Each structure stands twice: as C-alpha cells, then as structure tokens.
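J.: here is my input, please return the structure:
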Amino acid sequence: MPRVRESFRLQSIQTIITVSFTLMTILVVIVVSLMLYNKFSKTAEENAHLNIQQIIEQVNYHLELYVKGMQDIYEVVEGQINDTPDISSPLLREQLTTLLHTREDLVSVGLFTPAGKLVLDIPDLEMRKNTMLEEQSWFESARSQPQKLSFSAPHIQNLYKGQYKWVVSLSRMIQYKDHGTIKEGILLVDANFRTIDELSRKVSLGKRGYAYIIDDLGNLVYHPQQQLIYAGLKYENMEPVLKYAYGSYTDKPTGEPRYITIRTVEPIKWKVVGVAYPDEIVTTKKDLNQFIFWFLLVVCAAVVVLAIFVSAKISQPLRRLEKSVQSVGQGDFSTPIHVSGAHEVVQLSKRFNFMLHRIRQLMDQIIHEQEAKRKSELDVLQSQINPHFLYNTLNSVVRLAEKGKKEEIVATITSLSKFFRISLSKGKNIITLEEELEHVRHYLIIQQIRFKNKFHYAIECEEEALACLTLKLILQPIVENAIHHGIEKMSDEGFIRITASLQEKRLVIKIADNGLGMTRQIMDQLLTGSVRSGGSGVGVKNVNERIRLYYGKNFGLSFESELEEGTTVTITMPAERNEAELQERGMS
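T.: Numbering: from 1, shown residues only. Modelled structure (predicted):
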C-alpha cells in the first residue's frame, strides 16, 4: 500500500511539473512571437519595396550605360566620316566594317541624303524597294531635329533584303565630304534590340511582377508581352506614368492594386517602369505567419518533451534498471547498467553489473572449453589418417619383398620416412607450402609404387607461394580421395595435377585428376564425412573443418566434377607468411 501511494504521489508531481512548465513556456513564446511578428512583417514590407526600387534602379543604370555606349559608337562613326576626305573612300568602308565586327550588337551603318538616297551602307547589302524611307520614324526625327541624336522605338529593320532583325535605330543629321564638296546627310546606326531585351528580362519582381520601358512620348519600347508594343497602351495605365520622372505609387487600373516604380533613362528620356503586386510583396509576411505557426508547434512539442524528461528524471534510474533486468531475462548479457541516481540505486546497479560480468566470464569460459574440445576432436580425426595409410604402405612393402624388388622397397621406405618426418614437423600444426608439397610428393611416390604406376602426377607452384604458411596435412587426404574415388577403378592411366598460386592475397591450391568423377551427392557426402567406399572421406571433411575453424567460414574446400571427366578440388586460404600472426591465433 505505501508503494502504491508513493507511486501515485510521484506521478502527481510529474504531472504538475509537466503541465505548469509547458503552459508557462508556451505563454512566453506566444507573447514574444507576436511582438516579433509585428516588427518583422513591417520591416519585410519596407524591404520588399526597397528591393523593387533597387532592381529598377539597377536596370535603369545598365540601360544608361548601354545608351552611353551606343552614343559613343555613333560619335566614333560620325567622327570617321568627318575625318574622311571622300565618302567613297575604301579606307572608310574598311574602318566602319571593322568597327561593325567588333560589336555583336551593331547591325548596320547607313548614310542617306535628306531626300532618302543611299550614300553609304555597311555591310554592303542590296536595299529593298518601297521601304518608304522618308516616312520611317528615325528618318523623320533626324530631319525635324537635326542636332539631336534620336533613339527610335524597337522595330523590324526593313532596309535590306534578307534582313529582318529587331533593332533600335540611332539617327541624326551630319555633314560629309563628297569629292571635295561638303554635304548634309542622315547617319543611321542600327543596334540589335537583344541587349535591351536581355537587360529587361532579368528583372524579377515576384511571380507576376514585371518591368517595361516607354519613350518620352509614351510609346512602348519594351514589354515582356511583346505583342503589346503593337497593341498600343490599353493594357498599361500610362497617364500617371507620364507624370513621373522618378518615384513610386500604388495604382488600381483593374481593381487589383499594383505597386509602380519609375526611373528615367538619361539622356534619351526613356522610362523604366516596374510593376509589382502587393499580394506577392507581402509573401514574406505570409511566410512569417507560417514560420511562427510551425515555430509554436515545434516549441510546444519541445517544451512538452523537455517537461516530461525533467519530471521523469527522478524515476528514470529505476526504470532503466527494470529494462536492463528484462533484457537479461531475454538473453542480452552485453549491455551494462548506467550507474546514476540515489545511493541505493547506484549500489544496486553496481551489484547487478558485477553479476552480469561474472555471467559473461562463465559463458566465455564455456565457449573456450567447447572450442578446445572441438580442436581435440579434429586432432583425433587427423591422427586416424596416418595408421590407415601406414597399414596399406607396409602391406605394399611386404608384397614388394616377396617379389624381390629391392629398389622399389628402398624408394618406398625412404619416401615413407620423409613422409612421417614432415607429418611430425616437431609438433607444429603450421608449416610452409613448400614442406606441404614435399609431403604430398612422397605420398604420391608411395602410392605410385603401391598401384604399380597406374597414374602419374605433376606438382606446379608459383615461386612466391612456396613461402606461404599453411595447415599441415591438408593435401594428402585430398590426393588420397582422388586416387581411391577417381583413379583406382579406371581402366586407363590416371593423372593428378597439383597447382598452387596467389590470387588477390589468397593462397589457392587446386588438385585435379582425370578420374571417374563424382556426382553432386558424393561431393556433399565427402564434406560431411559420410563416404564409406574406400579412401578417407573423414580426412576430406577433417581438412575442410580445420581450414574453416582456423581461417573462417569464407575459406575451405570446393569441388568441381564431371562424370567420366575428372574432379578438381580447390583449397582457399589466406596468403600469410608471418608465423607470429598465426601463433597469436593459437594455430601452432
């Protein structure tokens, strides 16, 4: 009963802390957010207007630079014409052609008499007929205001055949020399409208906002909807625009308010007009509303989480201890308990951690003992190979003695002694590949004598692989299996080839024979040690298990066999030459 009351009391304190802390924090956040919203929204609107004005100022600045550059080009052309003693001079044409090629935005240069007769044209193109030259705006402006450099509205150039470029024409009345006589003419320089178009298209005033350009008479020079240049001024409310040279105001031509910003391009008096929509200008305010809304949600969630965390801090050590005990009950002995909290909880956690440590020690000891037992069993399996082979070899020696074949007896006994000398290897389980190949070679010599040269063999090894370390007695059981299962029952002569090589930091040994071959079932039985039809199937299984035990499951034996064609056994091990590394594993 006291425990229930204590738990209820603890839960009540946790609830009070959570609710009071959450409400207080949320109230403060709401008050601060409202204050920041009013301040930021007003600042955002002011910054939006300022940004629009700066954008239009920038466009106006670049247009003034471009106009100034075109005026300079026009002055250069006029100066070259004035400095030339005769308008028909080839040098003048060459100079103007060079100038035309230096500027991509220059389209053509032309000189006409006040009556509209062509005097000079660069490039040299055939003029169209019926151009109504005298009625064109640039021509009329030059005649009516001879001292003023006129800029025309954008139009299609129709002076030359095959030329239909969108241009702005610069024109003025000038004087030129024709065979010593000073005459008056109208100098025309056509500039590609593309540069002005590109400068204007870069303007971004929200998703729907745009900028357009008008001349001092209110004619559209540029508009993002190009067709409006021909459609007239119905789309735009020009009356207030023409009254301003510089300024901003709000316009409502169609019921929807628009924020208008005007700047004048000097000296040609074009006006750059920026049009922006207030609902897009105050998008920042909408974004701020959304931000504050989500900010409040996140803060509320964070406050609730923080309040729960703080209020649960008292009972957290006991809950952690409970979870740890549950984990141990489910078999997880690897996670220690975090020692914190009250003194009693700390002492209990330390005792529990000590108990886990002792359990892990006992489990590791059991695993070590089982592994040692497994190694002992494998050593016993290994020792079973040698008595069987010795028995067969001595029987062969007896038969050779009965037949009086002394040389073969000597060869057999010599190979047998070297075979067992390498088998012992002073008690080491790890020998070099060169020693292992020598060991199996003596075994093959003995078996050749025993089976009366029923088979031949070849041993091939890369020079670099000879120094690699390998487990002892891994080749002899495989060769024995090849003789008994592959060659012994053949009517033809058998052949066994042993090759060793290094492949990507791995030692790969292949034992291939041309024997009867095996089915997949027999190959599987060899690895499980269940083959009983002669030979040492247990030995093959022993080799595979020893390699996998020492080097891991990625290494061991693999079989390839076809009936009546032969069998290839591949042994894969790491290519190691440092015996100290193997000793650290407990292999020798």
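
J.: tell me how far the residue nearest to the spatial centre of the chain lies from Met573.
T.: By Cα atoms, centre = their mean, the chain has its centre lying nearest to Glu504, at 28.4 Å. Glu504 sits 13 Å away from Met573, going by Cβ to Cβ, to the nearest Å. For glycine as for every other residue, the C-beta is placed from the backbone atoms N, C-alpha and C.

J.: for the stretch 251-400 of the chain, what are the low-confidence residue spans?
T.: Low-confidence segments of the stretch 251-400 of the chain (pLDDT under 70): 251-256, 279-286, 311-312, 314-319, 321-322, 328-345, 369-389, 392.

J.: what segments of it are strands?
T.: Ranges of strands in the stretch 251-400 of the chain, per DSSP state E, counting those that start in this stretch, are 258-265, 270-276.

J.: please apply the same query to the stretch 101-250 of the chain.
T.: 106-112, 118-122, 150-151, 155-156, 166-178, 181-192, 210-214, 220-222, 247-251.

J.: mean neighbour count added to those, as CSV?
T.: Converted to CSV, the strands of the stretch 101-250 of the chain look like this (neighbours: other Cβ atoms under 10 Å):
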stretch, mean neighbour count
strand 106-112, 22
strand 118-122, 19
strand 150-151, 22
strand 155-156, 14
strand 166-178, 20
strand 181-192, 19
strand 210-214, 22
strand 220-222, 23
strand 247-251, 13
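
J.: quick one, which of those strands is nearest to Glu493?
T.: strand 181-192 (92.7 Å; Cβ to Cβ).

J.: report all helices and strands that that closest one contacts.
T.: Contact analysis of strand 181-192 by 3 or more Cβ pairs under 8 Å, 6 or more residues apart in numbering; DSSP states H and E lists helix 2-83, strand 106-112, helix 137-144, strand 166-178 as its packing neighbours.

J.: adjacent strands (with direction) for it?
T.: Within its sheet, strand 181-192 is paired with strand 106-112 (antiparallel), strand 166-178 (antiparallel), according to DSSP bridges.

J.: quick one, which of those strands is nearest to Leu433?
T.: strand 106-112 (83.1 Å).

J.: from the strands of the stretch 251-400 of the chain, which stretch is densest packed?
T.: Neighbour counts (mean count of other Cβ atoms under 10 Å) averaged over each of these peak at strand 270-276, with a mean of 23.

J.: next up, the contacts around the residue nearest to Ser137 when sequence neighbours are not counted.
T.: Spatial nearest neighbour of Ser137, chain neighbours left out: Ser152 (5.2 Å); criterion: Cβ to Cβ, 6 or more residues apart in numbering. Residues near Ser152 by Cβ atoms under 8 Å, 6 or more residues apart in numbering: Ser137, Trp138, Ser141, Val168, Ser169, Leu170, Ser171.

J.: now the last one: how far from Pro146?
T.: Okay, so that is Ser171. From Ser171 across to Pro146, the span is 10 Å (Cβ to Cβ).

J.: same thing with the fourth one?
T.: Computed with Cβ to Cβ, the distance linking Val168 and Pro146 is 20 Å.

J.: repeat that for the second one.
T.: Here Trp138 is placed at a distance of 13 Å from Pro146 (Cβ to Cβ).

J.: mind putting the strands paired with strand 181-192 into TSV with mean pLDDT and distance to Asn47?
T.: TSV is the format used below for the strands paired with strand 181-192 (pLDDT from 0 to 100; distance: least, Cβ to Cβ, whole Å):
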stretch	mean pLDDT	distance to Asn47
strand 106-112	84	40
strand 166-178	85	35
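
J.: now these as a markdown table including distance to Gln447?
T.: Formatted as a markdown table, those follow (distance: least, Cβ to Cβ, whole Å):
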| stretch | distance to Gln447 |
| --- | --- |
| strand 106-112 | 99 |
| strand 166-178 | 98 |
